[in-house]
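In: Quick one: sequence plus predicted model below, questions after.
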Amino acid sequence: MKLSRIAIVLIVGAVFVAIGIWVGSTVNVFPTAASAEASSVDRLFGFMLAIATVVFLIVEGGIIYSIIRFRKRKGDESDGAPIHGNTALEITWTTIPAIIVFVLSIYSYQVFVQTRTPGNDAPLQVGVIGAQFKWSFRYPLPADDRPEVTDELREKIRGFMSDPDLHLPVNVPVQANIESLDVIHAFYVPVFRIKEDAIPGRVTTAFFTPSVIGEFQVNCAELCGAGHGAMSLSNRVIIQEQADYDRFIQALYARAYEAATNPRLPEVGRQLFMQYPCANCHANRDLGTTAVLGPDLSDIAVQAAKFAAEGAAQVGPTDENATDSPAANYIRASIVNPNGHIVPGYPANLMPQNYGDPNIMPRDHLEALVNYLLTLGGQ
Ligand code: CUA
């Protein structure tokens, strides 16, 4: 009798363990594992899932077995047996979970350390910048030993070495230096199994080695305002062959060089829009800003042409290199003389009145902003 009961317990236990191993090794709730670290996170998760499955079967199985086996039979009015404590059982159910937790904490610590350590001594450094409501990514400057490229120019170029997508070469260890321009965001790339907060005034880091070529999602995992959801839609992680990545960097560098040496390009105005800071009052779909104190500028080129055609105030080019068109002249007027035409529904005197002063806003800045705003709208 006793021996057969032990045999049953052993067989049921073996079945539970087999089910646990099967669940832990086959159930996969994650997307593609696209980094070296992702596989070890997945293995840890599978291990925990296997243990959880066995515990689940023992607990739920015990409950169901007891409900059926020890249910109140018809006509049975007796009390339950007066059981008080079972030292052996209590030691068992304390010891086994303690061992499980101990093993899990050592195992997870190993994985934790692996995901916090660079894959080699000189990982590729990329900047990850969170802002309401968009990510942007900053890339290292490639070498350029032409004599005209001074240190000062290189610093300027560096300011333009960013892109809305995260391009990375496959199988190269990466160090992401994560920053925020406003509130707390969280840089989350599900295929890398990486989630790290972007905290204003601090640089946090994440390490990973992309292992699969393709395009993947980058999310924001911290509720950061009304446009939080948009941060999971507007940017991509693009993992490519080293040669394709190099081509991307060279093209980005060429664009950055253009912008740094040509101060009136729309690209420059785009940066100035955030610096001045137009974004504090104006919504702009292109940059993901949503303020409502001033008119929405997402389609300003179209609006400007309309207002100009209706006879709204205009200010002509500041010099022969400045853009001269009714829309450009209306936008210029709205910056240097904002009360000249107030968009219906908005109060006067809210926009700064001193941008016509070249000491406050240099002419190049003004014209770069005009050229940038002319790109917004329609298409
Ligand atoms: Cu940024 Cu949520």
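Out: Sure, I can see it.
In: helix/strand/coil for G127?
Out: At G127, secondary structure determined by DSSP: H, G, I helix; E, B strand; the rest coil is strand.
In: give me the beta-bridge partners of V126?
Out: A176 (DSSP bridges).
In: which neighbours does the lowest-mean-pLDDT helix or strand in the chain have in its sheet, and in what orientation?
Out: For the chain, using mean pLDDT, DSSP states H and E, the weakest element among its helices and strands is strand 289-290, scoring a mean of 81. Take DSSP bridges as the rule and strand 289-290 pairs in its sheet with strand 283-284 (antiparallel).
In: Poorly predicted segments of the chain, please.
Out: 1, 378-379 (pLDDT under 70).
In: quick one: the helices in it?
Out: For the chain, the helices defined by DSSP state H occupy 2-26, 36-69, 87-115, 151-158, 242-261, 266-275, 300-309, 326-336, 363-373.
In: And those helices: which comes nearest T209?
Out: Nearest of the helices of the chain to T209, taken as Cβ to Cβ: helix 36-69 at 4.3 Å. To be clear about C-beta, it is placed using only N, CA and C from the backbone, and glycine gets the same treatment.
In: any idea how far P123 lies from the ligand?
Out: Between P123 and the ligand the computed distance is 25 Å (Cβ to the nearest ligand atom, to the nearest Å).
In: May I ask you to confirm that that residue is in contact with N177?
Out: No - at 10.4 Å, P123 does not count as touching N177 under the criterion of Cβ atoms under 8 Å.
In: More neighbours: these two, which one.
Out: Neighbour count, other Cβ atoms under 10 Å: between P123 and N177, P123 has more, with 18 against 14.
In: what's the spacing between the more buried one and E258?
Out: The spacing between P123 and E258, counted by Cβ to Cβ, to the nearest Å, is 29 Å.
In: Touching, S136 and P164? I think so.
Out: Yes - using Cβ under 8 Å, S136 is in contact with P164, at 5.8 Å.
In: more neighbours, those two?
Out: Neighbours were counted for S136 and for P164 using other Cβ under 10 Å; S136 has more, 19 against 12.
In: Would you mind naming the residues that bridge with the more buried one?
Out: With DSSP bridges applied, S136 shows beta-bridge pairing to I129.
In: quick one: contacts for it?
Out: Taking Cβ atoms under 8 Å, 6 or more residues apart in numbering, we find S136 in contact with 129, 162-164, 235.
In: Ok, C278 next?
Out: 284, 297, 369 are the contacts of C278 under Cβ under 8 Å, 6+ apart.
In: List the contacts of the first one.
Out: Same thing as N284. 273, 278, 296-298, 376 are the contacts of N284 under Cβ under 8 Å, 6+ apart.
In: Show me the two of the residues you listed that sit farthest apart.
Out: Of all pairs drawn from the contacts of N284, the greatest distance, 13.5 Å, lies between F273 and D296 (Cβ to Cβ).
In: When these two are compared, which one has more neighbours?
Out: Ranked by neighbour count (other Cβ under 10 Å), F273 and D296 place F273 first, with 22 against 16.
In: Tell me how many other residues surround F45.
Out: Here the number of neighbours of F45 (other Cβ under 10 Å) works out to 18.
In: The closest residue in space to it that isn't next to it in sequence: neighbouring residues, count only.
Out: Residue nearest to F45 in three dimensions, not counting chain neighbours: F30, with 7.5 Å by Cβ to Cβ, 6 or more residues apart in numbering. By other Cβ under 10 Å, the residues close to F30 number 12.
In: Would you mind measuring from A34 to V41?
Out: For A34, the distance to V41 equals 12 Å [Cβ to Cβ].
In: In terms of packing, which of those two has more residues around it?
Out: Using other Cβ under 10 Å as the criterion, A34 and V41 rank with A34 on top: 24 against 20.
In: Might you report the residue contacts of the more buried one?
Out: A34 sits next to 191-192, 210-212, 214, 216, 239 when contact means Cβ under 8 Å, 6+ apart.
In: Just the residues you listed: which are in strands?
Out: Of these, the ones assigned to strands by DSSP state E are 214, 216, 239.
In: Highest neighbour count among these?
Out: In terms of neighbour count, I239 stands highest of the ones in strands among the contacts of A34 at 24 neighbours, by other Cβ under 10 Å.
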